[in-house]
Structure formats: structure tokens, C-alpha cells
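Colleague: Got a sequence here, can you model it:
(one chain, ligands or ions: 1)
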Amino acid sequence: MSIEYSTINCKTALSPSKLPGLRYSLNPYLGCEHGCRYCYSPSTLRDEWMGLNWGKFVRAKQNIVEVLAREVKRKPKGTVGVSTVCDPYQPLEAKLKLTRKCIELLSRRGFPVSIQTKSSLVLRDVDLIVPEKFDVGVTITTMDRELAGKFEPRASLPDARAQVLEEFSSRGVETWLFLGPIIPEINDSEDGLRQVIEVAHRTHSELIYDKLNLKRWVFDRLAPVLEGRCPGLAERLPDLIRGQSESWRRTCSMVESICRELGVKCEPAFRTHPFTNK
Ligand code: SF4
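Modeller: Numbers count the residues shown, from 1 in each chain. The predicted model follows:
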């Protein structure tokens with residue numbers, strides 16, 4: 001599939017964030033080539049074309065480093081989430097290095113940085129990502145390569161993401177594993193969850209888990225893949241994930257019980273940030 005690449009100018013680099021533990025978010029790209037079928041980032045952008053074409057376009061914010069250089073001089077210090085509505089290490093970053101330049105600047109100016117990615121390209125920046133100033137989170141929804149390829153078509157393979165956690169953890173950087181979304185009848189088997197939680201155990205990472213969020217336009221992109229794997233599931237899905245459904249309660253208790261058994265600290269998503277505890 002071809003991706004449409006373009007450049008834009010941004011007015012702001014650091015946006016206020018309401019996510020737990022983050023004061024700001026920084027997104028060097030608009031759009032995300034990883035194209036995860038369950039991604040709800042476009043719902044925050046409120047643009048129907050982007051919502052339906054997520055994964056097919058990337059707009060690089062070509063002036064973000066200059067804008068950030070001005071902002072770090074006048075904005076109060078606080079933790080910056082890199083990134084919250086795109087993957088900061090998606091393929092275009094290998095060439096443009098916008099994320100690298102931004103985190104280098106943030107680190108030099110004393111802004112703690114919390115990275116979240118599904119790409120092993122983050123290992124390129126091990127020289128910058130040091131324990132005192134960074135934490136690194138990696139999303140792993142399954143260790144099954146074929147399944148990951150269906151739902152996260154252009155992200156790094158699960159093993160490569162596990163290696164990212166291993167590498168940073170061995171260097172003393174705080175690491176966390178985001179296990180989400182957990183989709184009923186897709187990646188919620190006890191075996192599948194255990195394989196992911198074992199990665200958290202091995203890498204001394206805290207685990208954060210999350211349910212599927214069917215925000216705007218998610219269902220349109222997700223339903224065809226679900227139908228291909230599990231006919232009839234798309235129709236039942238809204239009921240399966242509603243509020244405190246039986247299915248979700250069962251999943252939470254399975255995740256928490258495996259974590260207890262393996263001694264992994266775990267939390268449902270969006271309560272607190274693992275390392276700033278705000
Ligand atoms: S990597 Fe993250 S931002 Fe990119 S498509 Fe996947 S879920 Fe969305």
C-alpha cells in the first residue's frame with residue numbers, strides 16, 4: 001500500500017496533556033504509518049478523511065524543532081509524552097530525525113520525556129535516552145507475529161518490541177509495557193496474555209493494560225479484519241466491551257492473576273503514569 005507523505009508547519013510543539021503523569025504531549029508527525037486497525041488517535045483530530053484514511057498518510061511537522069526551541073525557553077518544565085497521537089518512531093523518522101532532535105532538545109532543557117512506541121527504531125537513540133531523564137513504554141498486544149501483522153500492519157514485530165524493553169531495561173531506563181487494546185476473542189486468551197506478561201516480567205517492566213476503545217471511525221477500520229478472523233464478532237463486539245461487561249471483568253482478573261503470579265506490577269490504563277505517579 002502506498003503512503004502519502006507531505007510536510008506541514010506547526011504553530012505549537014508542546015500541547016497541554018490530560019493524560020496521567022504528562023504535562024505536555026509532543027507529536028512530530030500528523031498521521032501514523034503503522035496504521036493499527038484499532039487506533040483511536042484520529043478521533044482526537046476530528047477529521048473524517050483522516051479518520052477513515054488513518055495509516056495511509058503522514059504529514060511531517062517540518063518546523064517543530066524551531067518551534068520547540070522557542071517554547072522550552074518560556075514554558076514551565078514538566079513531563080512530555082512522545083508521542084500521544086502518532087508513533088514517534090514510525091518509518092519516516094529514520095530519515096527525518098524530528099523525534100531525535102526534539103528529545104535531544106527537551107533533555108538538554110530539563111524536560112523529562114516519556115516515550116511510547118511500537119518501533120525498534122527507538123534503539124537508534126540509545127545514546128540520548130538515559131535513565132535520569134527518560135522512561136520508555138512499548139505497546140505489545142500479542143506475541144503472535146501473524147496476528148500482530150493483521151492488526152498493526154507496519155509496526156515492528158512483537159519480538160523486536162520485546163527487545164526494545166530488554167535493551168533499555170538493561171541500561172537502567174525505567175520501562176513499561178502497554179498491553180492494549182485487549183480485544184475479546186482475538187488476543188484475550190490466557191496463553192496469549194501470559195506470553196506478553198512474561199515479557200514484562202523478563203524486562204522488569206510495569207504493565208499497563210487496556211480494553212478496546214471504539215471511538216469514532218475505529219469500527220469502520222477494525223470490522224473487516226475482525227470478520228476475516230472471527231465471523232460474527234464485529235456485530236457482537238459493542239456488547240462484549242460495554243462498561244464492566246462479564247468479558248472484560250474476566251480479562252482483568254486473568255491479567256491481574258498472571259501478574260501476581262509472576263510478580264509484575266500492573267494497572268489498568270489511564271489511572272496513573274507508571275513513573276511520575278501524578
Ligand atoms: S502506532 Fe499508535 S498512533 Fe500509530 S497507528 Fe498504531 S496505535 Fe495509532
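Colleague: residues in contact with the residue nearest to A160 when sequence neighbours are not counted?
Modeller: Excluding the flanking residues, the one nearest A160 by C-beta to C-beta, 6 or more residues apart in numbering is S120, at 4.2 Å. In short, each C-beta sits where N, CA and C put it, glycine included. The contact partners of S120, taken as C-beta atoms under 8 Å, 6 or more residues apart in numbering, are Y89, S156, A160, R161, Q163, V164.
Colleague: Against the ligand, how distant is S120?
Modeller: Taking C-beta to the nearest ligand atom, to the nearest Å as the measure, S120 falls 13 Å from the ligand.
Colleague: Which one of the contacts of S120 sits in the busiest neighbourhood?
Modeller: Of the contacts of S120, Y89 is surrounded by the most neighbours, 28 neighbours in total, counting by other C-beta atoms under 10 Å.
Colleague: G192: which element?
Modeller: Remark: G192 resides in helix 190-202, with elements defined by DSSP states H and E.
Colleague: just V225 next, same as before
Modeller: Following DSSP H and E, one finds V225 within helix 218-229.
Colleague: is it true that R216 touches S43?
Modeller: Yes. Between R216 and S43 a contact is recorded at 4.4 Å, counting by C-beta atoms under 8 Å.
Colleague: And those two? Which one has more around it.
Modeller: Between R216 and S43, counted using other C-beta under 10 Å, the more crowded position is S43 (18 against 13).
Colleague: For that one, which non-adjacent residue is closest in space?
Modeller: Once chain neighbours are set aside, the closest to S43 by C-beta to C-beta, 6+ apart is K215, at 3.9 Å.
Colleague: secondary structure class for T12?
Modeller: coil (DSSP: H, G, I helix; E, B strand; the rest coil).
Colleague: For the ligand, what's its nearest residue on the stretch 51-200 of the chain.
Modeller: D87 (3.8 Å; C-beta to the nearest ligand atom).
Colleague: ok, that residue - contacts?
Modeller: Counted by C-beta under 8 Å, 6+ apart, D87 has contacts Y29, C32, E33, H34, T117, K118, S119, A155.
Colleague: From T44, how far out is the residue nearest to S43?
Modeller: In this structure, K215 and T44 are 8 Å apart, going by C-beta to C-beta, to the nearest Å.
Colleague: for the stretch 1-150 of the chain, which spans come out with low pLDDT?
Modeller: Along the stretch 1-150 of the chain, the model assigns pLDDT under 70 to no residue.
Colleague: Could you pick out the residues of it near the ligand for me?
Modeller: Residues of the stretch 1-150 of the chain lying close to the ligand by C-beta under 6 Å from any ligand atom are C32, H34, G35, C36, C39, S41, C86, D87, K118.
Colleague: ok, back up a step: between K215 and T44, tell me which one has more neighbours.
Modeller: Shown here are K215 and T44; by other C-beta under 10 Å, K215 has more neighbours (15 against 11).
Colleague: is it fair to say I115 lies in a helix?
Modeller: No. Secondary structure assignment (three-state DSSP) places I115 in strand, not in a helix.
Colleague: Can you give the distance of stretch 206-214 from its chain's centre?
Modeller: Its chain's C-alpha centre and that of stretch 206-214 lie 10 Å apart, by C-alpha atoms, centre = their mean, to the nearest Å.
Colleague: Thanks a lot, catch you later.
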